[in-house]
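In: Sharing a model prediction with you, sequence too.
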Amino acid sequence: MVETKKSAAPKAPRGHVVVNSERCKGCGFCAQFCPTGVLAMSRGFNLKGYHPPIVADAAKCSGCDLCGMYCPDFAIYGVKNGRKPESGDA
């Protein structure tokens, strides 16, 4: 008899990223410094003509908000799941 291993249930993401693409000027700091590789730069343009970031792999997000700390335009922030963003956040 052959035993089959049960695959572990996929882990729920620990956080998520909120992007305000119209504020973005396409510097790429968020994607470059994301420690888990969640972000990538879009091929599309926002209304200002810049390439905003997109969430390339949401399951990897830890909600650390390093993307938000590096963003000079306050166009992105990370939130740990289970925590509601404060009013006034991007």
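Out: Everything's here; your move. Numbers count the residues shown, from 1 in each chain.

In: What lies in contact with stretch 22-30?
Out: Taking contacts as C-beta atoms under 8 Å, 6 or more residues apart in numbering, the residues outside stretch 22-30 that touch it are 39, 41, 46-48, 50-53, 67-68, 70-76, 90. (Each C-beta comes from the backbone N, C-alpha and C, glycine too.)

In: Any idea how far apart the tips of it sit?
Out: Between the opening and closing residues of stretch 22-30 lies a distance of 15 Å (C-alpha to C-alpha, to the nearest Å).

In: Buried residues of that stretch, list them for me.
Out: Within stretch 22-30, the residues scored as buried using 16 or more other C-beta atoms under 10 Å are 23-24, 26-30.

In: Now, the residues you listed that are in strands?
Out: The members of the buried residues of stretch 22-30 all map outside strands under DSSP state E.

In: Now tabulate those residues in TSV and tack on pLDDT and distance to residue 80.
Out: Written out in TSV, the entries for those read as follows (pLDDT from 0 to 100; distance: C-beta to C-beta, whole Å):
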residue	pLDDT	distance to residue 80
23	96	22
24	97	22
26	96	26
27	97	24
28	96	24
29	97	21
30	97	17
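
In: from the residues you listed, which single one is nearest residue 17?
Out: Nearest to residue 17 among the buried residues of stretch 22-30: residue 30, at 8.3 Å, using C-beta to C-beta.

In: Now that closest one: closest residue in space that isn't a chain neighbour?
Out: Closest residue to residue 30 apart from its sequence neighbours, by C-beta to C-beta, 6 or more residues apart in numbering: residue 67 at 3.8 Å.
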